[in-house]
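>>> next comes the sequence, and after it the predicted model I'd like to discuss.
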Amino acid sequence: DSVLLIGAASGYVAALLAHMARHVTVLESSPELKELAAKNLNANGVRNVDLILANGLSDKHTGTYDAILVADSLDEIPENLKQQLNVGGRLLVVVGQLPMMTAKLVTRQTNTEFSTKDLFDTVVQAMPGVLHASHFTL
């Protein structure tokens, strides 16, 4: 499988994914965290991971994947990530705001159809730099 991980942190999750997947692409927006992950992955002999300094939620990164994991929580599921899934591909993302968030699994059924399953309630730190959606209406 080809996997996209958004958020490298120390590289631990990337290493776990690399053990199970053919190839892992990691998008990390922090130069310091990208360096830390690269150092840890290299020190442990993990070679099937590409670390890219990039905002994983921008439309600038293209590619298709069998699995996508977002390491931080988001207010909603980004459409551009869903579109990067291969048919049969899965996207795991924690969605919501404090005090309660939900881990969701999105599966691409066909080129135009997706299914979403709520897995469990949790709390995960919000993705840095992402503005919260406004729920105010007139």
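Received it, and whenever you're ready, just let me know what you need. Residues are numbered from 1 along each chain as shown.
>>> make it CA atoms for all contacts and neighbour counts henceforth
Fine.
>>> just for the protein, where's the confidence low?
For the chain, the stretches with pLDDT under 70 are 59, 129-138.
>>> where along it do the strands fall?
Along the chain, counting by DSSP state E, strands occupy 2-6, 23-28, 49-53, 65-70, 85-97, 100-108, 114-122.
>>> save those strands as JSON lines, and put in distance to Pro128 and mean neighbour count too.
Shown next, in JSON lines, are the strands of the chain (distance: least, CA to CA, whole Å; neighbours: other CA atoms under 10 Å):
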{"stretch": "strand 2-6", "distance to Pro128": "12", "mean neighbour count": "24"}
{"stretch": "strand 23-28", "distance to Pro128": "11", "mean neighbour count": "23"}
{"stretch": "strand 49-53", "distance to Pro128": "14", "mean neighbour count": "18"}
{"stretch": "strand 65-70", "distance to Pro128": "12", "mean neighbour count": "22"}
{"stretch": "strand 85-97", "distance to Pro128": "13", "mean neighbour count": "21"}
{"stretch": "strand 100-108", "distance to Pro128": "16", "mean neighbour count": "18"}
{"stretch": "strand 114-122", "distance to Pro128": "18", "mean neighbour count": "13"}
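>>> which residues does Arg90 bridge with?
Beta-bridge pairing for Arg90 (DSSP bridges): Ala67, Thr107.
>>> what number of residues lie near Trp72?
Let me fix one detail, which is that residue 72 is Asp and not Trp. With neighbours defined by other CA atoms under 10 Å, the count for Asp72 comes to 16.
>>> same check, this time on the one 5 residues further on
Ile77: 18 surrounding residues under other CA under 10 Å.
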